[in-house]
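# the sequence isn't on hand, but the structure is:
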């Protein structure tokens, strides 16, 4: 089972959890009508994608086309295969669901991941979604 990192305290938490057992941080609040989208950074470690690499790339292209992802890519020069996604969605729950449906997750290739809300303050992203 893949575990995520709690944004509040850093504890490892199962993907099914609705709150962190360590600090109580709630994870899957309902999407409030009229709420603004937020950025979520997803980092993950994975094994060789092999036959699932094209499906993974196609899935990310769809997220980009649907306006749910801003950018993605692998980390370079790291000892293990790893990547980053920046999602632009309504809630942490939606970010987790989108990541859970990535073919790398579906086929058990992701060994570790973190989904963290992020607020860009300087650079090209600060005006997106305003």
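Noted; the coordinates are in hand. Note that the structure is a prediction, hence the values are computed from the model and not measured. Numbers count the residues shown, from 1 in each chain.
# if I read this right, residue 80 contacts residue 45, doesn't it?
Yes: look at residue 80 against residue 45 with C-beta atoms under 8 Å: they come within range, at 5.2 Å. (C-beta placed from N, C-alpha, C; glycine too.)
# of those two, which one has the most company?
Taking other C-beta atoms under 10 Å, residue 80 and residue 45 do not tie; residue 45 has more neighbours (17 against 10).
# find the helix or strand that the closest residue in space to residue 38 that isn't next to it in sequence is a member of.
Spatial nearest neighbour of residue 38, excluding adjacent residues (C-beta to C-beta, 6 or more residues apart in numbering): residue 117 at 5.7 Å. Counting by DSSP states H and E, the element that carries residue 117 is strand 110-118.
# are we agreed that residue 57 is in a helix?
Yes: under DSSP: H, G, I helix; E, B strand; the rest coil, residue 57 falls within a helix.
# that one: how many residues sit nearby?
For residue 57, the neighbour count with other C-beta under 10 Å is 13.
# cool, residue 115 as well?
Counted by other C-beta under 10 Å, the residues lying close to residue 115 total 24.
# coming back round to it: what comes up buried for the strand holding residue 117?
For strand 110-118, burial by neighbour count (16 or more other C-beta atoms under 10 Å) applies to 110, 113, 114, 115.
# with stretch 87-101 instead?
Neighbour-count burial for stretch 87-101, counted by 16+ other C-beta under 10 Å, picks out 87, 88, 89, 90, 91, 92, 94, 95, 96, 98, 99.
# turn these into CSV, columns for secondary structure, distance to residue 121 and pLDDT.
CSV is the format used below for the buried residues of stretch 87-101 (DSSP: H, G, I helix; E, B strand; the rest coil; distance: C-beta to C-beta, whole Å; pLDDT from 0 to 100):
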residue, secondary structure, distance to residue 121, pLDDT
87, strand, 18, 97
88, strand, 15, 95
89, strand, 19, 95
90, coil, 21, 91
91, coil, 21, 93
92, helix, 20, 93
94, helix, 23, 96
95, helix, 20, 96
96, helix, 24, 96
98, helix, 24, 97
99, helix, 24, 97
